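Undergrad: pasting the sequence and the predicted model now:
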Amino acid sequence: MADFRTSLSLSLASTPIRHENKLLSIGSCFAENIGRRLADAKFQLLMNPFGIVYNPVSVQDSLSYLIDNKHFTKEGVFSHQERWHSFAHHSRFSDAEQSTCLNSINSAINKGHKHLLESDVLILTFGTAHVFYHKKMERVVNNCHQLSADTFERQLLSVDDITTQLSPVLERIKTLRPNIRILLTVSPVRHIRDGLVESRLSKSILRVAIHELCNTFKYISYFPAYELIMDDLRDYRFYNADMVHPNEVAVEYVWQRFGEVYFDETAKQLIKRIEKLKKAMQHRPFQSESERHRTFLAQHLHQTRELQKTYPFLNFDEELKYFRHLTN
C-alpha cells in the first residue's frame with residue numbers, strides 16, 4: 001500500500017535533557033504549548049518571563065534584560081486606555097496601577113536572571129521576522145498594546161539583522177554558562193494577518209537565520225517543530241478552527257517527537273510515572289467514600305512520596321496536597 005505521508009527523520013541529541021537540568025524558554029505562544037508540557041512533566045522550567053515574545057529582536061532584548069538583571073523604572077512604562085504597559089512585555093504584565101505593573105515586571109526579571117544563571121538549556125522559539133518599529137522611540141517593540149497604527153512602522157527583518165542582533169547576547173550567555181545548550185525553533189503558528197505569502201517569507205528568513213547561527217555556534221542546535229507541522233503532518237485537520245494555531249493533537253505529536261530527540265530512558269520512565277499521578281488526580285469515582293477508592297488514593301500518595309524522596313529537586317506539592325487531603 002502506498003505511503004501517503006512523509007515522516008520526518010530525527011536524530012538523537014548528543015546530550016539528553018534530564019529532570020536535573022534547569023531550562024529557560026522564551027518565545028511564541030507555541031513555545032508555551034510545549035513549555036506547559038515540560039512543566040507538567042516536572043522539568044525545572046521557567047517560561048517566558050516577559051510573556052509571549054514573537055520576534056528575534058524582542059527575544060534579544062529580553063535576554064539582555066535578564067543577563068544584566070536590569071529593572072524597569074517609571075520611565076520604562078506608559079499609560080494607555082487607563083492601564084500601564086511596557087513595550088517589552090506581554091499585556092499580562094499590564095495593570096491599572098503603575099506600581100503593580102512595575103513590581104510584576106521587576107519581580108519576573110529577578111526570577112529570570114537567577115534562573116538564567118543556573119540554566120543548562122535555553123529554548124528560543126521565533127514566531128515572525130516582521131516587527132513593529134516605534135517611530136518616535138526608534139526601537140522595535142514586543143507589543144503594540146493597541147496604540148494607533150501610525151505610531152509604528154512595520155518592518156521585515158533580514159537574516160543579517162537577526163544574526164547580528166542575537167549573536168552577541170548568545171555569546172554573553174555562553175560566557176556566563178559555559179556548558180549551556182541552546183535550542184532554536186520556528187513556531188508553526190501561521191501569521192496569516194501578514195498574508196500567506198508574507199508569512200511563509202517570514203518563516204523562511206527565520207529558518208535561514210537559525211541555520212547561520214547553528215553553523216557559527218556549535219552549542220546551538222535546531223529542533224524542527226515548524227517542519228513537523230508543515231511537512232510531516234501537513235493537513236488542516238491538525239489546526240484549530242482559526243486555521244492558524246496547531247491543535248492539541250498536533251502539539252502532542254511535536255511533544256512526542258521532542259521527547260524522542262532529547263529524553264533518555266530515565267526521563268521517559270519518570271514522565272510516565274508523573275503522567276499516571278496526573279491521571280489519578282483526574283479520576284472521578286462512582287463512590288468517593290468507598291474503601292476501594294481510599295486504597296487507590298493511599299497508593300498514589302505513597303507513590304508521590306517515593307518520587308519526592310527520589311527526586312527532592314522536583315516539586316510535587318500539588319500532588320501531595322491533593323492525595324493527602326482526600327485520604328484524611
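TA: Nice, thanks for sending it over.
Undergrad: name the nearest residue to residue 205, ignoring sequence neighbours.
TA: Nearest non-adjacent residue to residue 205, counting by Cβ to Cβ, 6 or more residues apart in numbering: residue 129, 4.2 Å away. C-beta: built from backbone N, CA, C; applies to glycine.
Undergrad: in space, what's closest to residue 236 - neighbours in sequence excluded?
TA: residue 243 (6.4 Å).
Undergrad: what pLDDT does the one you found get?
TA: Each residue has a pLDDT score; the one for residue 243 is 86.
Undergrad: and it, how close does it get to residue 231?
TA: Going from residue 243 to residue 231 by Cβ to Cβ, to the nearest Å gives 17 Å.
Undergrad: ok, the two, which is more surrounded?
TA: Counted by other Cβ atoms under 10 Å, residue 243 and residue 231 do not tie: residue 231 has more neighbours, with 13 against 9.
Undergrad: can you give the contact residues for the helix or strand of the chain with the lowest mean pLDDT?
TA: Least confident helix or strand of the chain, by mean pLDDT, DSSP states H and E, is helix 317-327 with a mean of 84. Identification of contacts with helix 317-327 by Cβ atoms under 8 Å, 6 or more residues apart in numbering yields 277, 280-281, 294, 297-298, 300-301, 304-305, 308.
Undergrad: restricted to helices, list the residues you listed.
TA: In helices, defined here by DSSP state H, the members of the contacts of helix 317-327 are 277, 280-281, 294, 297-298, 300-301, 304-305, 308.
Undergrad: want to throw those residues into a markdown table with neighbour count, pLDDT and distance to residue 170?
TA: Formatted as a markdown table, the ones in helices among the contacts of helix 317-327 follow (neighbours: other Cβ atoms under 10 Å; pLDDT from 0 to 100; distance: Cβ to Cβ, whole Å):
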| residue | neighbour count | pLDDT | distance to residue 170 |
| --- | --- | --- | --- |
| 277 | 19 | 92 | 37 |
| 280 | 18 | 88 | 42 |
| 281 | 15 | 87 | 39 |
| 294 | 14 | 80 | 53 |
| 297 | 21 | 82 | 47 |
| 298 | 13 | 88 | 49 |
| 300 | 21 | 90 | 43 |
| 301 | 20 | 91 | 44 |
| 304 | 24 | 93 | 39 |
| 305 | 15 | 95 | 41 |
| 308 | 15 | 94 | 36 |
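Undergrad: show me the two of the residues you listed that sit farthest apart.
TA: Largest separation among those by Cβ to Cβ: 294 and 308, giving 20.9 Å.
Undergrad: shouldn't residue 246 be in contact with residue 229?
TA: Yes - if you go by Cβ atoms under 8 Å, residue 246 and residue 229 touch, sitting 5.4 Å apart.
Undergrad: shared neighbours of the two, anything?
TA: Common neighbours of residue 246 and residue 229 (Cβ under 8 Å, 6+ apart) are 188, 238, 254.
Undergrad: which of those sits closest to residue 9?
TA: Nearest to residue 9 among the shared contacts of residue 246 and residue 229, with distances taken as Cβ to Cβ, is residue 254, at 15.1 Å.
Undergrad: so that closest one lies in a helix, does it not?
TA: Yes - per DSSP: H, G, I helix; E, B strand; the rest coil, residue 254 lies within a helix segment.
Undergrad: residues contacting it?
TA: 34, 188, 225, 228-229, 246.
Undergrad: many thanks, have a good one.
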